[in-house]
Every structure is written in C-alpha cells, then in structure tokens.
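>>> Just a sequence and a predicted model for now, questions to come.
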Amino acid sequence: MFLDTEKMTYRGVIRPGGLHSFQMEIKESNLLVLADKKLSKETEEALISCRRDIEQYIYKHPDFRITHKPFPPEEKMPPIVRAMAEAAQEVGVGPMAAVAGAIAEFVGRKLLEHCRQVIVENGGDIFIKTKKRRRVGIYAGDSPLSERIALEIEPQNTPLGICCSAGTFGHSQSLGEADAVVILSPSASLADATATAVGNIVKDDDSIAKGLEFLKKFPLVRGGIIIKDKKMGVWGKVKIVRGI
C-alpha cells in the first residue's frame, strides 16, 4: 500500500495480500481496511464511536479543534481524545494533528478483537498489525523519489503506526515544505503528531538534518524518513526497499 496524503486513487494499486479489503466513509473520515475477516459492520461501529467521542468533546471545548498549540490532557477525556492531546503535547503541536492516526489506531485495535491481522489506512496514516512481512510504498509528490521506495515492515514490529505529512501537496496542514515526512511509532497518534511537527521544521533540503535531530528526542518514535526534492534523510529502525 502507499502512504499518500493527496488523493485516494493510489488505493487501486494496493495489494491485499490475502486479506479482505473494504472501505468505510463517514463524514470526513474515509478508511481503507484490510483484515483477515470481512468486518464492515464492526468497522462502521468503531468509526462512529471514535467520531462521536471527538465531536462531543469539541462541542464542549471548541478550542480543541482550532488550536495549533498543545491542549492540556485531562483524565476525564474520552480515550481517543486523550491520546490525541497527549501525543500533541509531547511534540508541541495542536491535538487535531493526531486525529487521522488516532482514528486509524482506535478503529484498528477494536477490529483486532475480531481478527488477527488488520491494516487501517486513514488519509495516508496507517495502523498495522500483521502476521507476515509487508511493504508500504511512499508517495512524495513531485520528488523523484516518489513511489520508488517502500518501507518493509516485519510482523514482530507490529502493532505499528506509520503516518505521513507533506507540505507541498495534499490536505495536511503543514508550516513546512517537505515532500513527505513518514514517522513510525507504536502509537499512531504520536506518529501522526510527530509527522506534523517534523514537517513544520523542513523548509528546504538543508533542514532535513534538523528534522531528524528533532526525532531523536522521543523514545516512542522508532524511526522516520524525510524527503525534500532529490534528498532523503532517514533515522531509527527503518528498512527501506524498492517501491512496490
């Protein structure tokens, strides 16, 4: 599958690899789910629950949706809202920077109550639990590296969040100009928030090193890739192979 924050057309080249594949769309959320069972009803219920918790919290706390600064976590927050707030606070961004990764993970973990393998992709952010080695291709806009490289994910390293942010295309809100920032973490919420934080740092290819140094501050971040034009920086436990 491809990490892509621009269009959904890349889903046509995803190889299910023995898994059932289906989509679920509710309001702004558009999920691609691959699992070893057909779990459309369970996915719908999980997505509705996630969205309800987030929407109800935002109704009571409108600043949660619009702030670009960390929002203080509270014990009484719904679990998904607290996960977003904690991840955002860790890396210094607003909590909505973690929303896509959080939904992917919370839906994925709910589905794991019914199956052994699941991949949930939500707008380029992925939660994965697999029993076999899989590859995740990377789309990086107009960079010559786009779709030419992939991550190889070993089953023992999952569950895993793999999240992407970009400043040169797509719907991601970024203050930088990276063609792709891909972050790996056991927490998809943290991976998503960190991808945004690193993306804000990368203004040109000379700032790739600065972005990688930022990653090293966070023990729960396993690794990351930054792509800007023809250059790429890699840090951490990341295995790169040819694109799929």
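Right, received. Where do you want to start? Residues are numbered from 1 along each chain as shown.
>>> which residues of this structure fall in strands?
2-3, 20-26, 29-35, 118-122, 125-129, 134-138, 149-153, 160-165, 180-185, 223-228, 231-236, 240-242 (DSSP state E).
>>> and those strands as a markdown table, adding distance to Asp53?
All C-beta atoms are positioned from the backbone trio N, CA, C, and that covers glycine. Formatted as a markdown table, the strands of the chain follow (distance: least, CB to CB, whole Å):
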| stretch | distance to Asp53 |
| --- | --- |
| strand 2-3 | 26 |
| strand 20-26 | 13 |
| strand 29-35 | 13 |
| strand 118-122 | 15 |
| strand 125-129 | 17 |
| strand 134-138 | 28 |
| strand 149-153 | 28 |
| strand 160-165 | 19 |
| strand 180-185 | 21 |
| strand 223-228 | 28 |
| strand 231-236 | 31 |
| strand 240-242 | 36 |
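>>> Would you format those strands as TSV with mean pLDDT, mean neighbour count and distance to Leu111 included?
What follows is these, written out as TSV (pLDDT from 0 to 100; neighbours: other CB atoms under 10 Å; distance: least, CB to CB, whole Å):
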stretch	mean pLDDT	mean neighbour count	distance to Leu111
strand 2-3	50	24	20
strand 20-26	93	15	11
strand 29-35	95	22	6
strand 118-122	95	27	5
strand 125-129	96	27	9
strand 134-138	90	22	17
strand 149-153	92	20	18
strand 160-165	94	30	15
strand 180-185	95	29	19
strand 223-228	94	26	25
strand 231-236	94	17	27
strand 240-242	90	11	27
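>>> what stretches of the protein score poorly on pLDDT?
Counting by pLDDT under 70, the chain shows low-confidence ranges at 1-16, 167-176, 244.
>>> Now do the helices in it.
Using DSSP state H, the helices of the chain run over 40-60, 63-66, 79-91, 99-111, 188-201, 208-215.
>>> Which of these has the highest mean neighbour count?
A comparison of the helices of the chain by mean neighbour count, using mean count of other CB atoms under 10 Å, puts helix 188-201 on top with a mean of 30.
>>> so which of the strands of the chain gets nearest Ala97?
Smallest distance to Ala97 across the strands of the chain (CB to CB): 8.3 Å, for strand 160-165.
>>> Parallel or antiparallel, which strands does the closest one pair with?
With DSSP bridges as the test, strand 160-165 is paired with strand 125-129 (antiparallel), strand 180-185 (antiparallel).
>>> Is it possible to get TSV of these that adds distance to Gly101?
Output for the strands paired with strand 160-165, formatted as TSV (distance: least, CB to CB, whole Å):
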stretch	distance to Gly101
strand 125-129	4
strand 180-185	9
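>>> want to try CSV for the helices of the chain, with distance to Glu154 as columns?
As requested, the helices of the chain are exported to CSV (distance: least, CB to CB, whole Å):
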stretch, distance to Glu154
helix 40-60, 25
helix 63-66, 36
helix 79-91, 24
helix 99-111, 18
helix 188-201, 17
helix 208-215, 20
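>>> Of all those, which one is nearest Pro159?
Among the helices of the chain, helix 99-111 comes nearest to Pro159, with 7.4 Å by CB to CB.
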